[in-house]
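here is a sequence with its predicted model. Questions after.
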Amino acid sequence: MKTKPFAALVALFVLTTLALGQDQMAQREQPSARAQERIQREVRHELLMLPYFTVFDNIAYKVDGTTVTLLGQVVNPVVKSDAGNAVKHIEGVEKVDNQIEVLPLSPMDNRIRTRLFRAIYGYPALQRYALGVQKPIRIIVNNGHVTLEGVVDSEGDKNIAGLRANGVPGIFSVTNNLQVVSSK
């Protein structure tokens, strides 16, 4: 009679040990908050270092554990593949979900891009944003539809960029997704 409670106790011990082992494995699989911050910093760095990443491309990313999801739009298909390849070599990244959209080739869109660049970055109130290699205002053109992404210092700058974009001929619509992030 005493063997049944003993067997039940052993079974309970084994199940508890297995459950603890699975919890420990799950914790090992999920990187710590510090490790995730490091992965985010390295992903950002790698994306900014892409050689063909221009003002006409917009790449965003999400880090969820050991998985990095790449989002956005690019003009050149090489930028999409380079982004995926650069990120998958980061220590701690086990999976890359590359959802970057390659924009269609269009001579009309290319002319609009050039006009938009001049209208926005050539305007005196916005010229300070033209400094540096990576421009903070991203200009995305998809079949005549324009989206402005990125950051500016003030609501006024956001509105000016939107107005300047709306003034370019040949555009069907403008979506102004610029974020105001004060540098103060």
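Received, thanks.

against residue 93, how distant is the closest residue to residue 94 other than its chain neighbours?
Residue nearest to residue 94 in three dimensions, not counting chain neighbours: residue 66, with 4.0 Å by C-beta to C-beta, 6 or more residues apart in numbering. Placement of C-beta: from N, CA and C, glycine included. Distance, residue 66 to residue 93, using C-beta to C-beta, to the nearest Å: 6 Å.

which of these two has more residues huddled nearby?
Neighbour count, other C-beta atoms under 10 Å: between residue 66 and residue 93, residue 93 has more, with 19 against 15.

you'd agree the residue nearest to residue 94 is up against residue 31?
Yes: with contact defined as C-beta atoms under 8 Å, residue 66 reaches residue 31; the gap is 6.3 Å.

now list whatever residues contact both of those two.
Listed as contacting both residue 66 and residue 31 by C-beta atoms under 8 Å, 6 or more residues apart in numbering are residue 92.

let me see the contact set for the closest residue to residue 35 other than its chain neighbours.
Counting by C-beta to C-beta, 6+ apart, the nearest residue to residue 35 once its immediate chain neighbours are dropped is residue 92, at 5.8 Å. Contact partners of residue 92, counting by C-beta under 8 Å, 6+ apart, are 31, 35, 38, 39, 66.

can you check residue 83 too?
Contact analysis of residue 83 by C-beta under 8 Å, 6+ apart lists 46, 47, 50, 53, 59, 70, 74, 98, 100.

cutoff 7 Å now
47, 50, 59, 70, 98, 100 (C-beta atoms under 7 Å, 6 or more residues apart in numbering).
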